[in-house]
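Pasting the sequence and the predicted coordinates here, then a few questions.
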Amino acid sequence: MTPFHYDWNKERLPMGRELCATIAHILDVAGIPNVLWGKYMIFTYDMGPLQEAQAEDAKRVRKVPPPPHERYYITKYDDSISFIIPDDRINDARDALLLAGFPLCTTGCVCFDWKTHEMVPWHHFLGENGNTAENPALKLFRRSDVLFRFPDPDLAPPAPDDPWYMLTNDPRLPADDEERRGANPEGRFDAALWPIKIPTAVKLYEALILLRCRDNDYHSHSDGSWTGWSKYLARSLVKSGRITIPQVGELYRGVIEWDQADRLWFWDGQPSLLRQHLWESKACLLPFRTAAPLIFPCIAGTILWMNTARSTPSFWNIVAGLGTMFGRMANTPTRGMDRKQRTKGRVRRFKRPGMEL
């Protein structure tokens, strides 16, 4: 691969697609597979309704008096650049970006506000204005924490028929329409930019449904994003016919049909049924770690315990629920597991043999 050199301290590109492509180029040259995530990923699928909804949400927040619990919930859209990295290369990616001059945060990601829809990254680099929750940053996530059903990406470009990954300049993506879109570029990236891997639209939708099953009704910085992104995929891609129900795995079809009707209350209908099915099948991940005050993990863990015990009233399910509650209090991702499946230091996936996700 042709050598590529970039120094953040000498040439500070603004937040945007060119910087995304530059970061991907740095990682590719370093031999580190990577996948674009977050805002700059979701806009490649032609997400015009996303910007319209953001504007509508802003108007609603200004006009409607805040409810009593408003101080515990803030509508916010993350403008950071995010990449997903294979678990065993996450530190290599950090080191490659350090060599390029990006300023690494060393405070343990305490700057991320638990009241916002932000998933806490494995590593992150400071934005232009320093270390604040309101300032866009560069974030690195482990693949198993987000796309836990996906295979690790290869360094080589994905094949045209790859079911999991595609490139940001793939002709299957719509072209950017400056007259139709809002302030942000949409659709496929300019051909002059370095191509970046992204999930295919179908597999992204399936992944978001699983993330909703993991995180919804548990304030883990991200549950609102997963539901919101799913809604926009349903509006933009499913209703337009660019994603058809038969393309999606049978397990997820009921949720997608539910999303198209804009019925996104998680405890009603198909989404709730799917999560119950995954819990009963021991195929559901525990929620991701949270930085919320201790009272909220306690409440979330209690709800999770009650729901689990109601679905399958066994001793170990109750232990798993109580363990989840106290595990969240300790702000660790490893509590409440079956003794035979305990592996120190990692979030585990309960999976029944033969269970097809």
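Structure received.

residues in contact with the residue nearest to residue 244 when sequence neighbours are not counted?
Spatially, and ignoring its direct neighbours in sequence, residue 244 is nearest to residue 238 (7.7 Å; CB to CB, 6 or more residues apart in numbering). C-beta coordinates here come from the backbone N, C-alpha and C atoms, glycine included. Listed by CB atoms under 8 Å, 6 or more residues apart in numbering, the contact set of residue 238 reads 244, 245, 256, 259, 260.

and if you look at residue 173?
Counted by CB under 8 Å, 6+ apart, residue 173 has contacts 44, 45, 46, 166, 187, 188.

Just the ones in strands from these, please.
Judged by DSSP state E, the contacts of residue 173 include residue 166 as members of strands.

List just the nearest of the contacts of residue 173 to residue 99.
Nearest to residue 99 among these: residue 44, at 27.6 Å, using CB to CB.

Neighbours of that closest one, how many?
25 (other CB atoms under 10 Å).

measure it to residue 105 for me?
Distance, residue 44 to residue 105, using CB to CB, to the nearest Å: 27 Å.

From residue 186, how far out is the residue nearest to residue 244?
Counting by CB to CB, the gap from residue 238 to residue 186 is 17 Å.

swap in residue 137?
Taking CB to CB as the criterion, residue 137 is separated from residue 186 by 22 Å.

Residue 258 now?
Residue 258 is 26 Å from residue 186, by CB to CB.

Repeat that for residue 43.
Distance of residue 43 to residue 186, computed by CB to CB: 5 Å.

Near residue 24, how many other residues are there?
22.

Let me see the ranges of the strands in the stretch 151-300 of the chain.
165-167, 197-199 (DSSP state E, counting those that start in this stretch).

I'd like these written out as TSV, with distance to residue 23, mean neighbour count and mean pLDDT added.
As requested, the strands of the stretch 151-300 of the chain are arranged in TSV below (distance: least, CB to CB, whole Å; neighbours: other CB atoms under 10 Å; pLDDT from 0 to 100):
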stretch	distance to residue 23	mean neighbour count	mean pLDDT
strand 165-167	15	22	98
strand 197-199	12	25	98
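
any weak-confidence spans in the stretch 1-150 of the chain?
Applying pLDDT under 70 to the stretch 1-150 of the chain flags residues 1-2, 47-77, 108-118, 127-136.

which residue ranges form the strands in it?
Using DSSP E, counting those that start in this stretch, strands in the stretch 1-150 of the chain cover 35-37, 81-85, 123-125, 138-142.

Quick check, residue 3 in contact with residue 30.
No. Using CB atoms under 8 Å, residue 3 makes no contact with residue 30, being 10.8 Å away.
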